[in-house]
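# Structural data only, the sequence is not supplied:
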């Protein structure tokens, strides 16, 4: 739903702090502000105020003072949304915030939908669609790498390149359509060599960007690391040691951990989602069996499986459990790390001896730790750090992290492949034109040059209120 | 610890919103700002900027952009703290916020202590101490009445009156001390009639304010309402019906509710703290016995006890349980309300009949409800509303809600009583002077004209960070 005539308002900060921000944007922002906000100097008129000014005053309901606030004034088009806007900074009381919102609504404002401020910024040409999406990613970013991804995208990222290639394609599409208009005359306005070149450029860019999605996705959402292993091998203790807090319930009763518990840890600017799992043993307990099924799913979706085992176990058992995991992850992108725990319970020689007998594939790691005594954890963190292609991250390469972009880019790549083989097989121009048009469409969807209410609705419904 | 030379910074909003505010205040605020914040127009110089201006720009670490932010500029003394201040509004990402704080600290700022911004506002004469305390109450206020109390106090409240009486006392104290200097000569500079008058004024004001504390305290912290009664009488169902949500665990097994569960409900602008209790029955269960002891404590500290009983119970049992409660609350300020539940299980005549046989004291209420079918709850809320002296609340009377003020006012009142009887008994002037000085001291502590680091420390340590 696009409503440009209304003036919207929403809190932009959660409850519980010293201060709160309430945003208002739309054609009536200043008029509504004047109805409930009274500048302390008695002379300032909000309607006549310059933008980028702060006015101190009172929010009043009748004669009752609700709060003393700062009102930040922004005049269209020089505001976040491109509309007249007011940002109130009030005291962070739940009563005050809800009262001010109530007064704004009584005075003619409407509650903003999630993401509606950013949607207006997009509709008013303040940013393209991929930049608008990056705003939500930026707000959600909790690690250095996720922040960098979002910030690159918010500041333009690949938009300019996509727009350039798209307008190149558009030119050729028009030329080819002109040829079609000439029908039988068999003229060629579109230089086939140039066309082939731009098609290859578009395909290369879309393949490149699409291939970065896996990396971008784990950076944005956290790298999924499943902690698996037989009951009582110390999975929860390891999780706790890594988290350095007591989020998982640790107990000596095998089978204690039933739900997949998730928590995040940041190592070297990357976020890892640590997933503790139900013990991988045979059981008749229905709830626990559900847990085990969940474990299998989690393992297959992970980037890393930490198989936690015990240094006191027979080597055949360890190798067997590693093989079980290998079977589960074959065909997926998950990597196995064998973590032999309880190093504190045997002499070092026994561990050295065991280490020679445990089989590891290429690309797998074998580490000996004591989760209880916190030994070997630094090395474990270093090995975890290597899971991600840091080089690509550190190069100023563009990395996409948005599923919508990924799917559009795959469509573009597919269209380009068909155009290339169509050109090779000298297919009729009208067939080629269809695929070019399709690529133009999907490229336009990424930047928002082409949108539907459905696309906009899907994007902004995931924003928080007040953004 | 008072540190006026440092420049402090802190987040003023919690994590999890669209936007975050980071505050900075102190002599180096503008200089530190210029090290990490780069105005978008490349020409604005923060140091030369007018106050009450907003500047748009980037926070950078080296060449890397951390965020695009708004910087609100406030020049001393026209700021909250009275110092040069900058308020950054950035995207609400936990990474961005912690990174900006890190950069500010690297550039010379210090992490603010809880309440340090408000403490500086007090030290710089922007507000007196009772106003500073009201800021914390305002931020915490969740009901209309609590908000009104805090707002009255923040906007001056009783400070002016206290300061006026205190300076009156100071004048007399000086005159009496001059008389003492004259020793044997027996001169009287201080008019005893005028002195007596001001002493009575001070006593009346302090008694009046002190007597408002009980009301102010329950308004600020919520009116404690204990829901008591025999097991399975429907206490949790009633609690849930009042809360309209499922916070208490309801079950058919007697003795389910072991912990005192607390939740709040707002009726007509007043906050009630509803406290569900362990069943009041004899038991051998250790945990449950602990719960019952807790129930007794909670009952004695409450403003209202809702004794929940069942319409199907013999009247002797109900009267007996009501008597038990009466014994527990005798000597306290708690009031008993007998709530006969499960009205849905008998015909109305049976209930009418029962109601005649249940004994109620004056000041007690008897209500018949069905928590399950939500009948009688509106009347229950109305009766709860009468617990508080609304007239006093609605009169523009000053109501104190701060324990520190209450204790100081009691000291003042005591001193004044001693002065009055001293004057009557014509005690020596030096004894009278001691009590006047003591009253002056305690009045000064309320407004902060007299403070110690300990008093300031105690007050501001309870503030949130960033306030």
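Alright, I've got the coordinates. Being a predicted model, the structure only gives us computed values, none of them experimental.

# The stretch 51-200 of chain A: strands as residue ranges?
For the stretch 51-200 of chain A, the strands identified by DSSP state E, counting those that start in this stretch occupy A:53-61, A:64-74, A:85-91, A:110-111, in order along the chain.

# next one: stretch A:440-453 to chain centre, how far?
Centroid separation for stretch A:440-453 versus its chain: 20 Å, with C-alpha atoms, centre = their mean, to the nearest Å.

# Show me what that stretch is in contact with.
Under the criterion C-beta atoms under 8 Å, 6 or more residues apart in numbering or on different chains, residues A:1-2, A:122, A:128-130, A:132, A:159, A:162-163, A:165-166, A:169-170, A:173, A:202, A:404-405, A:408-409, A:411-412, A:415, A:455 lie in contact with stretch A:440-453. For the C-beta atoms, the positions are set from N, CA and C on the backbone; glycine is no exception.

# Please repeat the previous calculation with a cut-off of 7 Å.
A:2, A:122, A:128-130, A:159, A:162-163, A:165-166, A:169-170, A:173, A:405, A:408, A:411-412, A:455 (C-beta atoms under 7 Å, 6 or more residues apart in numbering or on different chains).

# and if you look at stretch A:456-463?
A:114, A:115, A:116, A:118, A:119, A:133, A:136.

# next one: stretch A:111-119
A:8-10, A:23, A:25, A:80-81, A:105, A:132, A:135, A:456, A:460-461, A:463-467.

# any idea how far it is from the chain center?
In terms of C-alpha atoms, centre = their mean, the gap separating the centre of stretch A:111-119 from the centre of its chain is 19 Å.

# list the buried ones in stretch A:322-342?
Judged by neighbour count (16 or more other C-beta atoms under 10 Å in any protein chain shown), stretch A:322-342 contains these buried residues: A:322, A:325-326, A:328-329, A:334-342.

# Tell me where the stretch 1-150 of chain A has helices.
When secondary structure is read from DSSP state H, counting those that start in this stretch, the stretch 1-150 of chain A shows helices at A:29-36, A:94-106, A:116-123, A:129-140, A:144-154.

# nearest to residue A:275, of the ones you listed?
For these, the distance to residue A:275 is smallest for helix A:144-154, at 18.2 Å, taking C-beta to C-beta.

# In chain A, what helix or strand scores lowest on average pLDDT?
helix A:286-301 (a mean of 71; mean pLDDT, DSSP states H and E).

# Beyond it, next helix or strand please.
Going down the chain from helix A:286-301, the next helix or strand is strand A:304-310, by DSSP states H and E.

# Excluding covalently adjacent residues, which one is nearest to residue A:95?
Leaving aside its sequence neighbours, residue A:95 sits nearest to residue B:147 (C-beta to C-beta, 6 or more residues apart in numbering or on different chains; 4.6 Å).

# contacting residues for residue A:234?
With contact taken as C-beta under 7 Å, 6+ apart, residue A:234 is in contact with A:308, A:341, A:342, A:371.

# do you know how far it is from chain B?
Computed with C-beta to the nearest C-beta, to the nearest Å, the distance linking residue A:234 and chain B is 30 Å.

# How about that residue, nearest residue that isn't a chain neighbour?
Nearest in space to residue A:234, with sequence neighbours left out and distances taken as C-beta to C-beta, 6+ apart, is residue A:341 at 4.3 Å.

# Thought residue A:235 was touching the one you found, still the case?
No: taking contact to mean C-beta atoms under 7 Å, the distance of 8.5 Å between residue A:341 and residue A:235 leaves them out of contact.

# Residues that sit against both of those two, list them.
With contacts defined as C-beta under 7 Å, 6+ apart, the residues shared by residue A:341 and residue A:235 are residue A:308.

# just to revisit the earlier point, could you dump the strands of the stretch 51-200 of chain A into a markdown table and include mean pLDDT and distance to residue A:268?
Listed next are these as a markdown table, based on pLDDT from 0 to 100; distance: least, C-beta to C-beta, whole Å:
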| stretch | mean pLDDT | distance to residue A:268 |
| --- | --- | --- |
| strand A:53-61 | 97 | 40 |
| strand A:64-74 | 97 | 37 |
| strand A:85-91 | 98 | 36 |
| strand A:110-111 | 94 | 42 |
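
# which one of the contacts of residue A:234 sits closest to chain B?
When these are ranked by distance to chain B (C-beta to the nearest C-beta), residue A:371 comes first, at 27.2 Å.

# Now do the contacts for the closest one.
With C-beta under 7 Å, 6+ apart, residue A:371 has these contacts: A:234, A:237, A:238, A:241, A:341.

# how close does it sit to residue A:230?
Taking C-beta to C-beta, to the nearest Å as the measure, residue A:371 falls 14 Å from residue A:230.

# What of residue A:55?
Here the criterion is C-beta to C-beta. By it, residue A:55 lies 66 Å from residue A:230.

# if you count what's nearby, which of these two comes out ahead?
Counted by other C-beta atoms under 10 Å in any protein chain shown, residue A:55 and residue A:230 do not tie: residue A:55 has more neighbours, with 21 against 18.

# From chain B, how far out is that one?
Summarising the geometry, the distance separating residue A:55 from chain B, computed by C-beta to the nearest C-beta, is 7 Å.

# Residue numbers of the stretch 101-250 of chain A in contact with chain B?
Within the stretch 101-250 of chain A, the residues that sit near chain B (C-beta under 7 Å from any C-beta of the partner chain) are A:138, A:139, A:140, A:141, A:142, A:143, A:144, A:147, A:151, A:155.

# Double-check the second one against residue B:91; I have them as touching.
I take that to be residue A:139. Yes: contact criterion C-beta under 7 Å: residue A:139 and residue B:91 qualify, at 5.2 Å.

# Which residues are in contact with residue A:271?
A:142, A:143, A:146, A:222, A:223, A:264 are the contacts of residue A:271 under C-beta under 7 Å, 6+ apart.

# nearest to chain B, of the residues you listed?
Nearest to chain B among the contacts of residue A:271, with distances taken as C-beta to the nearest C-beta, is residue A:142, at 5.0 Å.

# OK, contacts around the closest one?
Residue A:142 makes contact with A:271, B:93, B:94, B:95 under the criterion C-beta under 7 Å, 6+ apart.

# Help me confirm that the second one comes into contact with residue A:136.
So the one you mean is residue B:93. No: applying C-beta under 7 Å as the test, residue B:93 and residue A:136 come out as separate, 10.3 Å apart.

# what residue ranges in the stretch 301-450 of chain A are flagged as low confidence?
For the stretch 301-450 of chain A, the stretches with pLDDT under 70 are A:396.

# cutoff 80 now
Residue ranges of the stretch 301-450 of chain A with pLDDT under 80: A:389-397.

# in it, which spans are strands?
With strands called from DSSP E, counting those that start in this stretch, the stretch 301-450 of chain A shows them at A:304-310, A:335-341, A:365-368.

# mind giving me JSON lines with those and columns for distance to residue B:442?
Supplementary listing: the strands of the stretch 301-450 of chain A in JSON lines, determined by distance: least, C-beta to C-beta, whole Å:
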{"stretch": "strand A:304-310", "distance to residue B:442": "63"}
{"stretch": "strand A:335-341", "distance to residue B:442": "63"}
{"stretch": "strand A:365-368", "distance to residue B:442": "66"}
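
# Once you drop chain neighbours, what's closest to residue A:144?
Ranked by C-beta to C-beta, 6+ apart and with sequence neighbours excluded, the top spatial neighbour of residue A:144 is residue A:269, at 3.3 Å.

# Quick check on residue A:139 and residue B:91: which one has the bigger neighbour count.
In terms of neighbours (other C-beta under 10 Å), residue B:91 is the more surrounded of residue A:139 and residue B:91; the figures are 26 against 23.
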